[in-house]
Every structure is written in structure tokens, then in C-alpha cells.
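Q: mind looking at a prediction? Sequence and model below.
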Amino acid sequence: MRAFAEWLSGTGPSVAIQSTFWLIRLLQATHLLTAGVVTASGVLVALRVLGWHRTAQPFAAVWRRFAPWLAWGVALMVATGIAQTLGDPVREFTATSFWLKMVVLLAAVTGTLGIARAGQRVPPATDFPVAAKVMAAGLIICWLVLPLLGRMIAYDRAIWGSFSLRS
Amino acid sequence: MSARSFLELVQGSAVAEWMRYSGAAPVVESTHVVAAVMLFGTVLVVDLRLLGVADSGHAFTGISRQTLPLTWLAFAVAVITGWLMFTASAVAYFGNTAFRLKALALCGAGLNMALFHLVTARRVPAWDQGVPMPRAARIAGFVSALLWASVVLLGRWIGFTKGYDFTIPPGVELGFGP
């Protein structure tokens, strides 16, 4: 993986990103602000499943409200995330936090889509089943852990010690 | 007590020492990022309602009442973790331009919120369900989104301009340290 990352860091697009100071800052800023939109949207949808947010609104309405923000937000985060990874592949690919973040991202997105699909079938005034609530609680953790792991990439060795891929 | 003495006192505290040497700093900083992200995201939900961009079919008070507890929770975590980070290197933070601008943006956001609650929100029954919202409400929403985005971005900017300096500045006598 390190060899691949080192090769990638020498390619034209990677060098272009590395050498454009403002582009790296712009990518990070966009990624961070979009994380706010995505995290809050994901958490609020899950809170609705738990019955702790917007209980007066049917789940379908809450999903319609947040789904576009989630979809566009995740798309923008993936795009800026790929560009940032391309700009410093060794730092990203050798971080345990990075790979954990990818796994949690996949879990958060598929879990939210799954719960949204199930939620469409729940009658408006009905409480969600316990299994769905447990899943929603897990999704809240996933959405909150994503920015946590994102920031932890910078401190991989300090946080993961011998479990860090940077060791 | 001068500002410098206060900063040195903060930087010399047991909490600051813990932040510098315990290895907790990366976890505290990462938690601060999570809180900041949640804070901005939930504030934006309310701001977008004020702007009439989202949740237009729902009462502003309902959206605000259900969302703001999360905002306050995130704010509390951000303040605690932010303070912990500040103690580790208070003198350097205070002298950092990005930090000062962030503090200014925070004050601006607080002032904007106070003005909104003291003036515009007093007439909320008249426009609670309304779209478009009154101009004052839309301005408050726009300014809030702008200022909180600035707070988040300036917070990130501190890292670019300062990084973590856990060394004790020359001339500061803390009475402990390596």
C-alpha cells in the first residue's frame, strides 16, 4: 500500500494538488463545512427514527427534507476527500483512521438508506420497531465518528500506537 | 492582573499540563471538530428555515425548539474541548490572528442571535408559518450561517498558522515541565 501511495504521490494530478496551496485549503474548507451538513442531516434522520426529533412529522417528510442534503453532501465530501487523498496519498493510505473512516462511511450510508427504505413503509403515526431504533442509535454513532476519524488521521500514531499503519 | 499574567496562569495550570503531556490532545481536538461540525450543521437547519430555503411548510418555532437543544449540546462540548486546547498553549493562541478572528466571529454570532431573539423573534407569531420570512429574519439567518461557517473555517485556519506548540514560551516560568 505504501509503495502504491508513493507512486501515486508522484503522478501529475497529485503533484498539481500538492503544489497548489490555495486548492488544498479550499478542499479542506469545503470538506469540513459539508461535514456539518452531512453529520447533522444523518443524525437528525436517525433521531426521527428514535422518536426524539420532529415527531409531529411523518418519517417520509423528514426523509424528503434531509435526503437531498445528505446525497449532495456525501457526493461533495467524497469528491473533496478523493482530491485531498490524491494530494497526500501516503499520509492517508498509511493511516488506520483513514481506513476505519471508509468502513464507517459505508456503514453510515448503507444503514441510512436501509432505514429510509424501511421507514417509508411505517405508517405516519406509528412508532418504529425496536430493531430500527437500535440501528438508528448505531447510525448516530457512525455519523459522529466520521468527522472524529477524519481529524484523527493527522494523529494516527499518537492515537492508535502499534495499531497505526504508519508504525 | 494583566492579560499576559492571566494567560500564563492558564498555561501553567494542571489542566494545561495534562493537555500537553498526557497524550489527550489529539482526542480532545478531534472531539472539538465533531462538536464544531454538529454545531454548524444544526445551526444551519434553523438558518435555512429563516431564509425560507428548507422546512418552509413548518413553523419556525417548531423547527427551532426541536433543533436548538442539539446545537447547545454541541456548543457546550465545543467550549469545553476548545478551552482545554486553549490552556495547552494559551499565550501562543492569544497571539494568533486566526484565533482572534475566530473569537470575533463567535462574538458576532452571539450578538446576532441576541438581536434576533430580542427584536425579530418577539413578533414571531406574526411570521412563524410564513414564507417568505420577514427581511430581518432572513438577514439574521444569513448572517448566522456566514458567521458560524467562519468560526469553523477560522478554527481550521488556526491549525495551518500555528499547529500545536506544546513547548513553554521563553521567559514563562511555570514551575514545572520538562
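A: Sure thing, it's come through.

Q: so does the helix or strand where A:Val145 lies get close to chain B?
A: If you go by DSSP states H and E, A:Val145 is part of helix A:130-152. Yes: for helix A:130-152, a contact with chain B is found by CB under 8 Å from any CB of the partner chain, at A:144, A:147-152. For every residue, glycine as well, the C-beta is placed using N, CA and C.

Q: how much space between A:Thr55 and chain B?
A: Distance check for A:Thr55 against chain B: by CB to the nearest CB, to the nearest Å, it reads 8 Å.

Q: list the contacts of the closest residue in space to that residue that isn't next to it in sequence.
A: Spatial nearest neighbour of A:Thr55, excluding adjacent residues (CB to CB, 6 or more residues apart in numbering or on different chains): A:Arg48 at 7.5 Å. Contacts for A:Arg48 (CB atoms under 8 Å, 6 or more residues apart in numbering or on different chains) come out as A:54-55, A:57, A:59, A:62.

Q: now with 6 Å, please.
A: A:54, A:59, A:62 (CB atoms under 6 Å, 6 or more residues apart in numbering or on different chains).

Q: with A:Arg166 instead?
A: Counted by CB under 6 Å, 6+ apart, A:Arg166 has contacts A:94, A:156-157.

Q: next, format the residues you listed as TSV and append pLDDT and distance to B:Phe40.
A: Formatted as TSV, the contacts of A:Arg166 follow (pLDDT from 0 to 100; distance: CB to CB, whole Å):
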residue	pLDDT	distance to B:Phe40
A:Thr94	92	30
A:Asp156	91	25
A:Arg157	90	29
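
Q: of the residues you listed - the most surrounded one?
A: A:Asp156 (22 neighbours; other CB atoms under 10 Å in any protein chain shown).

Q: report the secondary structure state of that one.
A: Three-state call for A:Asp156 (DSSP: H, G, I helix; E, B strand; the rest coil): helix.

Q: pretty sure it sits against A:Ser164.
A: Yes: applying CB atoms under 6 Å, one finds A:Asp156 in contact with A:Ser164, separated by 4.6 Å.

Q: what sits in contact with each of these two?
A: When contacts are counted by CB under 6 Å, 6+ apart, the set common to A:Asp156 and A:Ser164 consists of A:Thr96.

Q: scan the helices and strands of chain B for the one with the lowest mean pLDDT.
A: helix B:124-127 (a mean of 86; mean pLDDT, DSSP states H and E).

Q: after it, which helix or strand is next?
A: Following helix B:124-127 toward the C-terminus (DSSP H and E): helix B:135-161.

Q: quickly check: that following helix near chain A or not.
A: Yes: Helix B:135-161 lies within reach of chain A by CB under 6 Å from any CB of the partner chain, at B:149, B:153, B:156.

Q: tabulate these (TSV), appending neighbour count and pLDDT.
A: Converted to TSV, those look like this (neighbours: other CB atoms under 10 Å in any protein chain shown; pLDDT from 0 to 100):
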residue	neighbour count	pLDDT
B:Ala149	20	96
B:Leu153	20	92
B:Arg156	19	88
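
Q: neighbours of residue 31, how many?
A: Using chain A. Neighbours of A:His31 using other CB under 10 Å come to 20.

Q: that's the other chain; I wanted chain B
A: B:Thr31 has 21 nearby residues by other CB under 10 Å.

Q: got the CA positions of stretch B:140-158 in CSV?
A: Taking Å, rounded to 0.1, in the frame of the first residue of the first chain, the C-alpha atoms of stretch B:140-158 are listed here in CSV:
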residue,chain,number,x,y,z
ALA,B,140,-30.4,37.0,10.8
GLY,B,141,-30.4,33.6,9.2
PHE,B,142,-27.9,34.6,6.5
VAL,B,143,-25.5,36.4,9.0
SER,B,144,-25.7,33.4,11.4
ALA,B,145,-24.8,30.9,8.7
LEU,B,146,-22.0,33.1,7.5
LEU,B,147,-20.5,33.7,10.9
TRP,B,148,-20.7,30.1,12.1
ALA,B,149,-19.1,28.9,8.8
SER,B,150,-16.4,31.5,9.5
VAL,B,151,-16.0,30.1,13.1
VAL,B,152,-15.4,26.6,11.7
LEU,B,153,-13.1,27.7,8.9
LEU,B,154,-11.1,30.0,11.2
GLY,B,155,-10.8,27.2,13.7
ARG,B,156,-9.2,25.1,10.9
TRP,B,157,-7.1,28.0,9.9
ILE,B,158,-5.5,28.2,13.4
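
Q: for it, which outside residues touch it?
A: Outside stretch B:140-158, the residues touching it (CB under 6 Å, 6+ apart) are A:29, A:32-33, B:36, B:40, B:43-44, B:47, B:50-51, B:96, B:98-99, B:101-102, B:105-106, B:108-109, B:112, B:116, B:120.

Q: go again with 8 Å.
A: By CB under 8 Å, 6+ apart, the list of residues contacting stretch B:140-158 reads A:28-29, A:32-33, A:36, B:32, B:36-37, B:39-40, B:43-44, B:46-51, B:93, B:96, B:98-99, B:101-102, B:105-106, B:108-109, B:112-113, B:115-116, B:120, B:133.

Q: all good on my end, thank you.
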